[in-house]
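Engineer: coords below, sequence missing:
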C-alpha cells in the first residue's frame, strides 16, 4: 500500500505546506504539478528519494537538466546525492519573475 499526506501550517507571515507520498508512479511530474497548482506557492523545495532498483523518476524531460522544469518557476539550487542503495535529489524553485 501507499500513502499521500498533506500538512498545512498557517502562520500570520507565511503558510507552510508539506506533501508526502510513497504511491508508485513511473513519473511524478504531473502529480507535483497538481500539488503546485493547488497551493500556488511563490517558492517550493522538491526533495525526491529513489531507490536504485526503482525505475520511477521525477519527470526529467531534458537530458541536460537534472530536475524537472515547472511552468512559471526557475530552479535556484540543485543538489544530487548518490547514497548507498538510493539517490536523493533536492531542488529549490522560485516563481518568476521573482
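Structural biologist: In hand now; what should we look at? Quick caveat: nothing in here was measured; it's all calculated off a predicted structure.
Engineer: the residue of the chain most remote from its centre sits in which helix or strand?
Structural biologist: In the chain, counting by C-alpha atoms, centre = their mean, residue 12 sits farthest out from the average C-alpha position, at 25.1 Å. Assigned by DSSP states H and E, residue 12 falls within no helix or strand.
Engineer: what helix or strand does the closest residue to residue 47 other than its chain neighbours sit in?
Structural biologist: The spatial neighbour of residue 47 that comes closest, neighbours along the chain excluded (C-beta to C-beta, 6 or more residues apart in numbering), is residue 90 at 5.3 Å. C-beta here means a position set from N, CA and C on the backbone, and glycine is covered the same way. Following DSSP H and E, one finds residue 90 within strand 86-95.
Engineer: so what are the sheet partners of that strand and their directions?
Structural biologist: strand 43-51 (antiparallel), strand 73-83 (antiparallel) (DSSP bridges).
Engineer: dump these to TSV, plus mean neighbour count and distance to residue 95.
Structural biologist: Putting those into TSV (neighbours: other C-beta atoms under 10 Å; distance: least, C-beta to C-beta, whole Å) gives the following:
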stretch	mean neighbour count	distance to residue 95
strand 43-51	14	7
strand 73-83	12	6
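Engineer: CSV for those, including distance to residue 19?
Structural biologist: What follows is the strands paired with strand 86-95, written out as CSV (distance: least, C-beta to C-beta, whole Å):
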stretch, distance to residue 19
strand 43-51, 10
strand 73-83, 16
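Engineer: thinking again about what came up before, avg pLDDT for the strand holding residue 90?
Structural biologist: Regarding strand 86-95, the rounded mean pLDDT is 90.
Engineer: what residues does that strand touch?
Structural biologist: By C-beta atoms under 8 Å, 6 or more residues apart in numbering, the residues outside strand 86-95 that reach it are 41-52, 58, 66-67, 70, 72-81.
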